[in-house]
Every structure is written in structure tokens, then in C-alpha cells.
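In: give me a 3D structure for the following:
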Amino acid sequence: MERNTDKIGVLYATFAYILWGFLPIYWKLIDHISAGEILAHRIIWSFVFMVLVVLFARKWSGFIDECKAILHDKKKLISITLASIVISLNWLTYIWAVNSDHVIQASLGYYINPLVSILLAIIVLKEKLTRSQTLSVILAGVGVLYLTFSYGVFPWVSIFLAVTFALYGLFKKVVDIPAMFGLTIETMIVTPIALIYLLTLPENAFSFSAGSTQDNLFLMGAGIATAIPLLMFASGAKRIPLAMVGFLQYIAPTIMLIIGVFVYHETFQTEHLISFGFIWLALLIYLGSVYRFPVKKMKSLDQQK
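Out: Numbering: from 1, shown residues only. Next up is the predicted model:
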């Protein structure tokens, strides 16, 4: 029974990461629409879809109870509000990066993300690292610095994506509520801002009069594209070991990297290869340390994706 459960968990988590890996293709289909407008629709329709999911799952009373508990817990309220803000900034940057032909930079950001989470765990949660984990962080830093000096430009897109997603994981760790309720509450918090933004646009984007029927359907579908992989991941992560989750999470940025190079023909030079090489090596060392020292392994802050 346990073995079957693990197989189901691996399938759920793997499929979630595959969907996340191919997500750039979805955003490219509407790249003629501004990143801010896409983000606003993504937030609104994610909230609508998640409300329907909660209702369909007959979890509405539990959702209301969770909301009340958060309102009476100042620490949780602040944490989930901050989580809503940083994930919105992460989504905005990610959509902009993809639609501005920076898929490779976005991929690099999600490779770096677990290592940023390690740094946050050290600084904020006072967790201890093994020597291997310390080495992995240093190697990742070397990779980022090499790319910065070789190009003369700091890879701010990659770093911002990595930092915001790591912060999101940290805030989610503090709140610690089910993924279904978490995404619903997070999108509920920022939906009023998204509505105001759309209603103040010159073309009144919320009326859908500005775009074609196909564009409008894609904008509405952004909610489903956001929620489904998250729910699949949450279901899978509960069934499999943390180390397995850590290994599978690199499926998404790998697919993104392949799409950026071979589908959208973004430049991938020797400098990129060397920088990615340092980071890939860092990740291998980190994953090795997780498997070798299961007792000391750190709880990945980016499991709330």
C-alpha cells in the first residue's frame, strides 16, 4: 500500500512540475498583452477557480473557519498578506520575463531558488548547514557572480524570482495552512487590487472589450493554469519523501531552459553554460547532502509553489 501511495505521489508531483515547466508557452500565447494586465487576470480568475474548488470539495465551512482563525492571529495575518504580495511580484516578474524573451533567466532563477531558501533558513530560522550544503551555496554564488562579471550585467530577473519565491515559501511556512485554502486566501487578499487595476486601465480591460475572444479565454484560463499544478503538487508532496520532492523540483526549470533555447531560440552562450554548470553542481551536492544526512535535511521553503 505504501509503495502504491509513493507511486501516486511521484506521478502527481512530476506532472505538476511538468505543467510548470511548460507554462512559458501559455504566457507566450498572450505576450501582446501587458504583464500587469495578465497578472491581474491571473489573480482574479485564480480566486474564482479556487472558490469553485472549495465549494465542489465541500470545504467551505473549513475555509471560513480558517479565515476566522487567521483574522484572530496577527502573525498569520501578516505572513499570509506578505505571502500574497511577494507571490504576486514573483508572478509579475515571471510573466514579464517570459514575454520579454528572458525564459533562460527565469529558468536560472528557479534553479537558484532552493539555495536562496537555504540562506533564509540560516538567517531567519537559525537552521544549521552541513559542509556539503555550505559548499553548494558557495558554488551557486560563484555561478551567479561569473554570469554577472562575464556579461557586466547583474542577472536581476533570476535573483528576484529566486528571492521572492523563497520569501513566499518562508511566509507560507509560518502560516502553515492547506494548499487549497492558502491559494484561495492569498488570491482573495490581492483580488481587490487586481480589480482596481483593470478598471482603471484606459481600455477598461476587465470588460473584455479590448481583446479578442481567444485572448479573453486565455486570460480566464490563467486561473486554471495557476491552480491545477499547485493542487496536484500539494497532493503529491504529502505522499512522498521530502528528498524526492527536492529532486523532482528541478524538472520545471530544466523544461523552461530547453524551451528557451530550442523553442524560442534565446541566446545560450559559453558564459551561460559555465554559470549553469556551477549551479547544477551546487544542486547535485545539495541533493547528495539531503540523501546522505536525512536527519539534518532542511525543510525546503519552496514547497508551497
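In: so where's the stretch 51-200 of the chain shaky on pLDDT?
Out: Applying pLDDT under 70 to the stretch 51-200 of the chain flags the ranges 151-152.
In: mind running it again at 90?
Out: For the stretch 51-200 of the chain, the stretches flagged by pLDDT under 90 are 108-155, 166, 169-179, 199-200.
In: surely residue 116 touches residue 160?
Out: No - with contact defined as C-beta atoms under 8 Å, residue 116 does not count as touching residue 160 (10.6 Å). C-betas here are computed from N, CA, C, even on glycine.
In: who's in contact with the closest residue to residue 274 other than its chain neighbours?
Out: Counting by C-beta to C-beta, 6 or more residues apart in numbering, residue 146 is the residue found nearest to residue 274 once chain neighbours are left out, at 6.0 Å. Applying C-beta atoms under 8 Å, 6 or more residues apart in numbering, we find residue 146 in contact with 271, 274, 275, 278.
In: can you tell me the element residue 146 falls in?
Out: For residue 146, the host element (DSSP states H and E) is helix 131-151.
In: okay, stretch 52-64 in CSV with CA atoms only?
Out: This file holds the C-alpha atoms of stretch 52-64, laid out as CSV (Å, rounded to 0.1, in the frame of the first residue of the first chain):
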residue,chain,number,x,y,z
LEU,A,52,-15.3,26.8,-7.0
VAL,A,53,-12.9,24.1,-6.0
VAL,A,54,-13.5,24.8,-2.3
LEU,A,55,-17.3,24.6,-2.9
PHE,A,56,-17.0,21.5,-5.0
ALA,A,57,-14.9,19.8,-2.4
ARG,A,58,-17.5,20.8,0.3
LYS,A,59,-14.8,22.6,2.3
TRP,A,60,-16.5,25.9,2.5
SER,A,61,-17.1,25.8,6.3
GLY,A,62,-13.5,24.8,6.8
PHE,A,63,-12.4,27.6,4.6
ILE,A,64,-14.4,30.1,6.6
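In: quick revisit: if I look at the residue nearest to residue 274, how far off is residue 55?
Out: Distance, residue 146 to residue 55, using C-beta to C-beta, to the nearest Å: 50 Å.
In: so where's the stretch 201-305 of the chain uncertain?
Out: Low-confidence segments of the stretch 201-305 of the chain (pLDDT under 90): 201-216, 230-251, 254, 267-273, 275-305.
In: so what's the residue count around residue 60?
Out: Using other C-beta atoms under 10 Å, residue 60 has 12 other residues around it.
In: how close does it sit to residue 52?
Out: 11 Å.
In: same deal with residue 110?
Out: Distance, residue 110 to residue 52, by C-beta to C-beta: 28 Å.
In: what about the two, which has more around it?
Out: residue 110 (24 against 12).
In: quick one: contacts for the more buried one?
Out: 161, 162, 165, 252, 253, 256.
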